[in-house]
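> Build me a model:
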Amino acid sequence: MSKSNNQELTPMRKIFYTWIPVLIVIIDLATKYWAQNWLQKQPNKKIPVIGEGVTFTYLENRGAAWGMMQGKIDFFVILTAVLIVLFLVLIARTPSQLRYRPILVTFLMLVGGAFGNLYDRIFRGYVVDFISFDIIRFPVFNVADIFVTCSFALLIYLILFKYSEQDLYFIPLFGSKKDKKDQ
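Here you go, the predicted structure:
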C-alpha cells in the first residue's frame, strides 16, 4: 500500500469536510426560495431551460417521487431523520485514512441532500420541486434530490468496485474488523 493511501485525516481535517453538507443545504434552500418566490408567480408555469426538454416547473410535493404516498409527511420526516442519523454515525465511524475520503464525502453529500428535503418537510409541510425532464416521464425534482440520487449511485459504485468487504468493516452490514481478521 502506498504511503499516500495510509495517511491519516486528522480529526480537525475530518471536521473540515462538514462544509460539504452545509453548502449543499444552502444551495438547495436558495434554489427552492427562488422557485417559490419567482417561478411560482410566472404566468407560464413551464420555463424552458434546455429547449422544451428541460424546464423549470414549480411543484409542491407532499409525498415521494411520482406522487407516491401523498400526505405522508410524518412518515418521510421520521424516515429521513433516521437515515440522517445513520449516515452521521457512518461518518463518525469512517476510518481516518485518506483512502476513505471518497466514501466520507459521499456520506456527507447524502446527509446534505437529505437534510435539504427534511427542512422542507418540517418547515413547509411539503418539498419544493422545480426541475423537470420533459423529454422522459420523470418526476419533478430539486437540488437536494440530485445530491441524494448521485451520492447514492456513487455509494453503490464505491461499495461494489472501490472497496473490498474488509475495507468496509466500519459499516455494520459488513461486520467488524475483528470478525474479518478471525476468518
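> What about the closest residue in space to residue 133 that isn't next to it in sequence, how many residues nearby?
Nearest non-adjacent residue to residue 133, counting by C-beta to C-beta, 6 or more residues apart in numbering: residue 54, 5.9 Å away. (C-beta placed from N, C-alpha, C; glycine too.) Look at residue 54: counted by other C-beta atoms under 10 Å, it has 14 neighbours.
> Distance of residue 54 relative to residue 47?
10 Å (C-beta to C-beta, to the nearest Å).
> just for this protein, where's the confidence low?
For the chain, the stretches flagged by pLDDT under 70 are 1-6, 9-12, 66, 175-183.
> So which residues of the protein form strands?
Taking DSSP state E, the strands of the chain run over residues 46-50, 54-61, 127-133.
> Out of the ones you listed, indicate the one that is most buried.
strand 127-133 (a mean of 21; mean count of other C-beta atoms under 10 Å).
> Kindly check the end-to-end length of stretch 166-174 for me.
Chord length of stretch 166-174, first to last residue, is 8 Å (C-alpha to C-alpha, to the nearest Å).
> Tell me how far it lies from the chain's centre.
Distance of stretch 166-174 from its chain centroid, counting by C-alpha atoms, centre = their mean, to the nearest Å, is 21 Å.
> what are the ranges of the helices in this protein?
3-6, 11-16, 19-37, 73-93, 101-123, 143-157, 177-182 (DSSP state H).
> how about these in TSV, adding mean neighbour count and distance to residue 131?
Listed next are the helices of the chain as TSV, based on neighbours: other C-beta atoms under 10 Å; distance: least, C-beta to C-beta, whole Å:
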stretch	mean neighbour count	distance to residue 131
helix 3-6	9	37
helix 11-16	11	30
helix 19-37	17	9
helix 73-93	15	19
helix 101-123	21	13
helix 143-157	18	8
helix 177-182	10	42
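> I'd like to know which of those helices is closest to residue 65.
Shortest distance between residue 65 and the helices of the chain, using C-beta to C-beta, is found for helix 143-157: 8.1 Å.
> Send me the closest one as CSV with only the CA atoms.
Extracted C-alpha coordinates of helix 143-157, given in CSV (Å, rounded to 0.1, in the frame of the first residue of the first chain):
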residue,chain,number,x,y,z
VAL,A,143,-31.1,20.2,-5.9
ALA,A,144,-31.3,18.0,-2.8
ASP,A,145,-32.7,15.2,-4.9
ILE,A,146,-29.8,15.5,-7.3
PHE,A,147,-27.3,15.1,-4.4
VAL,A,148,-29.2,12.2,-2.8
THR,A,149,-29.5,10.3,-6.1
CYS,A,150,-26.0,10.9,-7.3
SER,A,151,-24.3,10.2,-4.0
PHE,A,152,-26.4,7.0,-3.5
ALA,A,153,-25.3,5.9,-7.0
LEU,A,154,-21.7,6.8,-6.1
LEU,A,155,-22.0,4.9,-2.8
ILE,A,156,-23.1,1.7,-4.7
TYR,A,157,-20.2,2.1,-7.1
